[in-house]
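Engineer: the amino acid sequence is not available; the structure is as follows:
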Ligand SMILES: Nc1ncnc2c1ncn2[C@@H]1O[C@H](COP(=O)(O)OP(=O)(O)OP(=O)(O)O)[C@@H](O)[C@H]1O
Ligand SMILES: O=C(O)c1ccc[n+]([C@@H]2O[C@H](COP(=O)([O-])O)[C@@H](O)[C@H]2O)c1
């Protein structure tokens, strides 16, 4: 698990709303571990995503617990509360600052899907991000992976097994009573059912 003496730990950071976490997230993180020789991937559920203010987002504690359940069996996966414990809207510049303070000796690799990486130049303090972490743009079905306009040495592209799964689709399926088995980990299926998440999502 730990990096050999004399080398800096290589830590992936997988930020997301994770509403709910699904196998697309987990495969992307697992592939990043394998291809980039990461020692660990820290999953960071967002607190209040400023960019999703118009949409109903499940309370952070539910999203955090589903992320813990989904990652528990992988010794290289951990979950951080930095974003859900910070007051105010969630921005990656704050996520990376907090993780850097906790892990000053590590090299950070922020993992992002093809859809998210396209938006990065519009993120808060985007110009600061390139010095805070290396960015890993992973392929995602339905999204063209382009890193045009991003600093060439700041971003690595990574082909990951294509899983056409989105949290939006999982929420819709749960709402309509369709199965989410095999789209999300078994424990997450059970957590969604136990807490009645996504029922009546569009009733308001
Ligand atoms: N199937 C997938 N394959 C690769 N990357 C993914 C996949 N699903 C999500 N990601 C990436 O994981 C990160 C967190 O995603 P997020 O939690 O928003 O999931 P989502 O499925 O995109 O959610 P929603 O449908 O609610 O927008 C983002 O960088 C996103 O691009
Ligand atoms: O910092 C920003 O301005 C910003 C804007 C949009 C998204 N992000 C981050 O991108 C990650 C994925 O977000 P999302 O919306 O796809 O769940 C998550 O860690 C967010 O905090 C960050």
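Structural biologist: Sure, I can see it. Because the structure is a prediction, the values reported are computed rather than measured. Ligands and ions are numbered 1, 2, ... in the order given.

Engineer: packing partners of the worst-scoring helix or strand of the chain on mean pLDDT?
Structural biologist: Sorted by mean pLDDT, DSSP states H and E, the helices and strands of the chain end with strand 48-49, the least confident at a mean of 77. Secondary-structure packing of strand 48-49 (3 or more C-beta pairs under 8 Å, 6 or more residues apart in numbering; DSSP states H and E): strand 89-90. Heads up, the C-betas are built off the backbone N, CA and C, glycines and all.

Engineer: do the strand it packs on and ligand 2 meet at all?
Structural biologist: Yes - Strand 89-90 comes into contact with ligand 2 (C-beta under 6 Å from any ligand atom), by way of residue 90.

Engineer: enumerate every residue touching the residue in the chain positioned nearest to ligand 1.
Structural biologist: With C-beta to the nearest ligand atom as the measure, residue 113 is the residue of the chain nearest to ligand 1, at 1.9 Å. Counting by C-beta atoms under 8 Å, 6 or more residues apart in numbering, residue 113 makes contact with 24, 28, 137-138, 140, 143.

Engineer: what subset of these is buried?
Structural biologist: 24, 28, 137-138, 140 (16 or more other C-beta atoms under 10 Å).

Engineer: just the ones of these in helices?
Structural biologist: Counted as lying in helices by DSSP state H, out of the buried ones among the contacts of residue 113, are 24, 28.

Engineer: which one of the buried ones among the contacts of residue 113 sits closest to ligand 2?
Structural biologist: Nearest member of these to ligand 2, counting by C-beta to the nearest ligand atom, is residue 140, at 10.4 Å.

Engineer: quick one: strands adjacent to the least confident helix or strand of the chain?
Structural biologist: strand 89-90 (parallel) (DSSP bridges).

Engineer: which positions in the chain make contact with ligand 2?
Structural biologist: 15-17, 46, 49, 51-52, 90-93, 116, 123-124.

Engineer: flag the shaky bits of this structure, pLDDT-wise.
Structural biologist: 1-6, 52-54, 203-204 (pLDDT under 70).

Engineer: so where do the helices sit in it?
Structural biologist: Secondary structure of the chain by DSSP H: the helices cover 23-36, 60-71, 82-85, 92-102, 114-117, 126-132, 167-176, 186-195.
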